[in-house]
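S.K.: Got a sequence here, can you model it:
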Amino acid sequence: MGQHEREHVRVAVIGSGFGGLGAAVRLRREGITDFVVLERAGSVGGTWRDNSYPGCACDVPSHLYSFSFAPNPDWPRTFSGQEHIRAYLEHVADVFRLRPHIRLDHEVTMMRWDAEQVWWEIEVANGVTLTADVVVSATGPLSDPKMPEIPGLASFPGKVFHSARWDHDYDLRGKRVAMVGTGASAIQIVPSIQPDVARLTLFQRTPPWVMPRMDREITGVERWLHRQLPFTGAARRGLLWGIRELQVSAFTKRPNELGLIESIAKSNMARSIKDPALRARLTPDYRIGCKRILLSSAYYPALAEPNVDVVASGLAEVRGSTVVAADGTEAEVDAIVFGTGFHVTDMPIADRVVGAEGHTLADAWKDGMQSLRGATAAGFPNWMTIIGPNTGLGNSSMILMIESQLNYMADYLRQLNVLGGRVALAARPSAVGAWNRRVQERMKRTVWNTGGCTSWYLDAGGRNTTVWPGTTSEFRRATREVDLAEYEVVRAPVREPAEAPAVSA
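M.R.: The predicted structure follows:
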């Protein structure tokens, strides 16, 4: 390749988590081998590489939290831990021969649409520049940790880190630790570190609803059966899927039916929390399901231990080694662990995408994320996202949504092939608007909007741009194929031939 030549590929996939690796597999299945997977880290795995905190595990059953085209008969537990999920993703990369396509330590810093060439110009932090006909962004909403701005935090003399950037070189044993946040990560971290720390102070702005975690070891007989008779694993997956599909209407249409689930969660708490005052602090005042329902059978027992303090208030200030809650409660600590979530409704990747009109995706989404069928955005031709706006789930496996989006991606590329030449599809603003109006209208009666809570599902304007208000089968039907009426066909500008010079007599 010449010094000034740049590599050009048919498709550039950004990220190598479930979405990115799934896209890579699907591309190969579609006969497309001219693609790269650009990964900012030194290994694949996405959120299951980044999150390695003590107790990290999935809250979706293992056989449902895996690709339908890559079943794993050897899951060790019904709810598998981080190390097993990460190993599964490494296995997928090997089995489907994705390694030659993966570029590790290739963090994308900017993507710009070139209307003259009808392709994307991609800049990478290591100085590499390449171009691609199509970009598939699979960076995921749980990839960039959110750290709150706490006065005095910068001068804290102890150790500070986010749950998604766990410092394994720092020994928490015998330390006084502040845990900030009570989300899905925190309820796994708390019981994992509580036996070892001298004192654990939990800062809780809002208590979560916590259901018992029905986790167990998958027996050798079960694993043998799934290996020898693969249809048994598929049946297990189908049953897990079906149960969750039946639950959707309670979340999306009839939130009042969730009362029975609330009673189960209260019983889960009552078994371990005998102190009425502590139980009152831990009891939510919103409808279950409004925030993500958490699963743990160890969280409440850990909170009942004598070396744990639950502060029913958020962290407001740090004064030296003293942490101060909004209600004035103080504690001396050696380390602060933030379990404060991720940039979900303001994904940083949006600042790095410059579309046809010369503005960024972040600018286009400044009033709230919007996309067509969770995949494409107006003003950004041939740019797709996996796990885009309103594709999240409140009760089932995101792998189901990812596979639906891969169907849409595959048909999108087929349509480009049929059109032929240097061509792009640009989502019509009217189609994007119509899709989002339908989604938001359905959202009005869901528990996420009516349950009386403020969750990470909502953006700064209070709009739910995160969750899908329906079943996974509905979404699969909606993304089975591309409707060309929802797109404008964009081709490279036609250049006028140069005028021939006049010939003198």
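
S.K.: Strands along the stretch 201-350 of the chain, start to end?
M.R.: Taking DSSP state E, counting those that start in this stretch as the test, the strands found in the stretch 201-350 of the chain are 210-211, 294-295, 308-311, 315-319, 322-325, 330-332, 335-338.

S.K.: any chance of those in TSV, with distance to residue 38 and mean pLDDT too?
M.R.: The C-beta positions use only the backbone N, C-alpha and C, and glycine is treated the same way. Below are the strands of the stretch 201-350 of the chain laid out as TSV (distance: least, CB to CB, whole Å; pLDDT from 0 to 100):
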stretch	distance to residue 38	mean pLDDT
strand 210-211	38	96
strand 294-295	33	96
strand 308-311	42	98
strand 315-319	36	97
strand 322-325	39	98
strand 330-332	43	97
strand 335-338	28	98
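
S.K.: Kindly compare burial across those and name the winner.
M.R.: For those, ranked by mean neighbour count under the definition mean count of other CB atoms under 10 Å, the leader is strand 335-338 at a mean of 24.

S.K.: Check which strands are paired with that one and give the direction for each one.
M.R.: Partners of strand 335-338 in the sheet, by DSSP bridges, are strand 159-162 (parallel), strand 176-180 (parallel).

S.K.: mind checking which of those is nearest residue 371?
M.R.: strand 159-162 (27.6 Å; CB to CB).

S.K.: May I see the buried residues of the closest one?
M.R.: Residues of strand 159-162 classed as buried: 159-162 (neighbour count, 16 or more other CB atoms under 10 Å).

S.K.: how about the strands paired with strand 335-338 in a markdown table, adding mean pLDDT and distance to residue 401?
M.R.: Conversion of the strands paired with strand 335-338 to a markdown table gives the following (pLDDT from 0 to 100; distance: least, CB to CB, whole Å):
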| stretch | mean pLDDT | distance to residue 401 |
| --- | --- | --- |
| strand 159-162 | 97 | 26 |
| strand 176-180 | 98 | 30 |
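
S.K.: mind giving me CSV with those strands and columns for distance to residue 354?
M.R.: Output for the strands paired with strand 335-338, formatted as CSV (distance: least, CB to CB, whole Å):
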stretch, distance to residue 354
strand 159-162, 29
strand 176-180, 35
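
S.K.: Which stretches in the chain count as helices?
M.R.: For the chain, the helices defined by DSSP state H cover 18-29, 47-50, 82-95, 186-193, 220-228, 230-252, 259-270, 276-282, 299-303, 361-364, 398-419, 429-443, 447-450, 472-478.

S.K.: For residue 381, find the nearest of the strands paired with strand 335-338.
M.R.: Ranking the strands paired with strand 335-338 by distance to residue 381, with CB to CB as the measure, places strand 159-162 first at 35.4 Å.

S.K.: Point out where the protein drops to low pLDDT.
M.R.: Applying pLDDT under 70 to the chain picks out residues 1-5, 495-505.

S.K.: try 90 this time
M.R.: Counting by pLDDT under 90, the chain contains low-confidence ranges at 1-6, 126, 140-143, 256-257, 342-348, 394-395, 454, 456, 460-462, 492-505.

S.K.: quick one, domains of it?
M.R.: 7-143+343-491, 153-216+224-338 (automatic domain parsing).

S.K.: what's the most buried one of the ones you listed?
M.R.: With neighbours defined by mean count of other CB under 10 Å, none of the domains of the chain is more surrounded on average than domain 7-143+343-491, at a mean of 19.

S.K.: Using CSV, list the CA coordinates for stretch 444-453.
M.R.: Coordinates of the C-alpha atoms in stretch 444-453 are reproduced here as CSV (Å, rounded to 0.1, in the frame of the first residue of the first chain):
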residue,chain,number,x,y,z
LYS,A,444,-46.8,6.6,28.3
ARG,A,445,-48.5,3.8,30.1
THR,A,446,-45.5,1.7,30.9
VAL,A,447,-44.2,1.2,34.5
TRP,A,448,-40.9,3.0,33.5
ASN,A,449,-42.9,6.2,32.9
THR,A,450,-45.7,5.8,35.4
GLY,A,451,-44.0,4.0,38.3
GLY,A,452,-43.0,7.1,40.2
CYS,A,453,-39.2,6.9,40.0
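
S.K.: So what's the gap between it and the chain middle?
M.R.: Relative to its chain's centre, stretch 444-453 lies at 21 Å (CA atoms, centre = their mean, to the nearest Å).

S.K.: same deal with stretch 170-182?
M.R.: With CA atoms, centre = their mean, you get 26 Å for stretch 170-182.

S.K.: Of all the strands of the stretch 201-350 of the chain, which one is nearest residue 126?
M.R.: Ranking the strands of the stretch 201-350 of the chain by proximity to residue 126 (CB to CB) places strand 335-338 first, at 29.3 Å.

S.K.: Name the residues that touch the closest one?
M.R.: Strand 335-338 has contacts (CB atoms under 8 Å, 6 or more residues apart in numbering) with 145, 147-148, 153, 156, 158-163, 170, 172, 175-181, 189, 315, 318, 323.

S.K.: Repeat that for stretch 247-266.
M.R.: 209-212, 283, 287-289, 293, 394-396, 442, 445-448, 450-451, 469-471.

S.K.: mind running it again at 10 Å?
M.R.: 208-212, 279, 282-284, 287-290, 293-294, 393-396, 442-443, 445-452, 467-474 (CB atoms under 10 Å, 6 or more residues apart in numbering).
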